[in-house]
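Colleague: output the structure for:
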Amino acid sequence: MKKIAPLKPGDTIAIISPAGPIKDVQALNNAVSYLESKGYKVKVAPNALLREEYLAGDDDFRSADLLGAFGNPEIKAILCSRGGYGCARFLDRISDDFIEENRKIFLGHSDITVLLNNFSIPTFHAPMAVGDFGTDEVDALTEKSFFEVINGIKAPYLYEAKKDFKVINSGKAQGKLIGGNLSVLVSLLGTKYTPDFEGKILLLEDLNEPLYKLDRMLTQLRLAGVFKQISGLVVADFGETDVSMEFLRSFVPKKPAFYGFYASHDKSKYTLPLGARYSMSADEGTLELIEDIFI
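Modeller: Below is the predicted model of the structure:
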């Protein structure tokens with residue numbers, strides 16, 4: 001495990017836009033004010049407010065902000081402004097050796113799943129600036145988890161499912177946690193950036209995709225052998241799209257799995273270190289971090 005440094009009061013957080021454009025500048029300003037009120041300095045990346053159709057500026061600008069944030073020794077954490085689409089477009093420009101040499105806290109979800117699963121340092125499936133910290137009132141669970149984790153979480157650390165979680169398959173598993181957005185993960189299959197699923201606990205979530213599209217994407221994972229490789233599965237939720245446990249069980253019939261977790265596009269979400277080892281219990285709906293990630 002390539003450990004990283006936790007965030008300390010007075011440290012600098014950079015906000016970057018590696019995917020879609022920021023549509024609500026006031027929400028970004030709110031996020032900056034919120035983080036500053038918690039005792040941190042905030043730097044908004046030079047190109048974070050650019051907009052080019054469905055992207056936050058072209059690939060050169062977005063990748064430059066990412067690399068610039070990692071390369072700046074003053075910056076101790078990098079928080080993505082929002083998701084959308086765009087991270088995969090410059091993935092082949094990013095040197096993991098450079099990321100490892102300049103390791104720091106990197107946070108996001110949704111389209112950021114591309115980057116979260118392709119750095120060899122611990123990354124964080126986590127809230128983002130605009131949608132989570134730029135709101136009128138920051139969700140209590142989101143806030144608590146975020147600061148507990150980035151300020152130096154120590155193993156063992158327990159994450160619990162939603163009260164109405166459902167068991168897909170009973171059992172327990174251990175492994176490194178990977179994953180995130182289902183649509184994004186499927187888009188990486190067949191490329192050299194496909195995550196290594198062997199022995200991993202896989203986290204999945206998505207937002208309001210029609211049932212037939214979920215079926216198509218889960219079928220693609222099944223046909224690619226992903227569900228045979230993993231040790232366990234945690235499905236956060238799929239937004240307003242209802243799925244039955246029988247439906248999910250048909251894709252992953254033999255591995256411990258549960259549904260209903262605070263790691264989706266909903267307002268309540270955990271900050272989850274990816275690339276670290278966890279123990280999971282499908283029957284109890286728990287994920288327990290069992291490996292320290294911080295120096």
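
Colleague: and the closest residue to Phe227 other than its chain neighbours, how far from Gln174?
Modeller: By the measure of CB to CB, 6 or more residues apart in numbering, the closest residue to Phe227 outside its immediate chain neighbours is Val252, 4.3 Å from it. Yep, even glycine has a C-beta here, placed from its N, CA and C like the rest. Using CB to CB, to the nearest Å, Val252 is found at 17 Å from Gln174.

Colleague: ok, which stretches of the protein are strands?
Modeller: 12-16, 41-44, 75-80, 105-108, 123-125, 157-160, 166-169, 172-181, 201-205, 232-235, 257-259, 272-274, 277-281, 286-289 (DSSP state E).

Colleague: other SSEs contacting the longest one?
Modeller: Contacting strand 172-181 under the criterion 3 or more CB pairs under 8 Å, 6 or more residues apart in numbering; DSSP states H and E are the following elements: helix 113-116, strand 201-205, strand 232-235, strand 272-274, strand 277-281.

Colleague: what about stretch 61-74, average pLDDT?
Modeller: Mean per-residue pLDDT for stretch 61-74: 98.

Colleague: ok now it, how far from the chain's centre?
Modeller: Taking CA atoms, centre = their mean, to the nearest Å, one finds the center of stretch 61-74 at 19 Å from the center of the full chain.

Colleague: and for that stretch, what's in contact with it?
Modeller: With contact meaning CB atoms under 8 Å, 6 or more residues apart in numbering, stretch 61-74 is reached by 12, 14, 16-19, 43, 45-48, 50, 55-56, 75, 78, 86, 89-90, 93-94, 98-99, 102, 104, 115.

Colleague: Pro122 versus Met1, what's the distance?
Modeller: In terms of CB to CB, Met1 sits 7 Å off from Pro122.

Colleague: Lys41 too?
Modeller: 23 Å.

Colleague: what do you get for Asn208?
Modeller: 29 Å.

Colleague: kindly report the same for Ser33.
Modeller: Taking CB to CB, one finds Ser33 at 28 Å from Pro122.

Colleague: neighbour count winner among these two?
Modeller: Taking other CB atoms under 10 Å, Ser33 and Pro122 do not tie; Pro122 has more neighbours (23 against 12).
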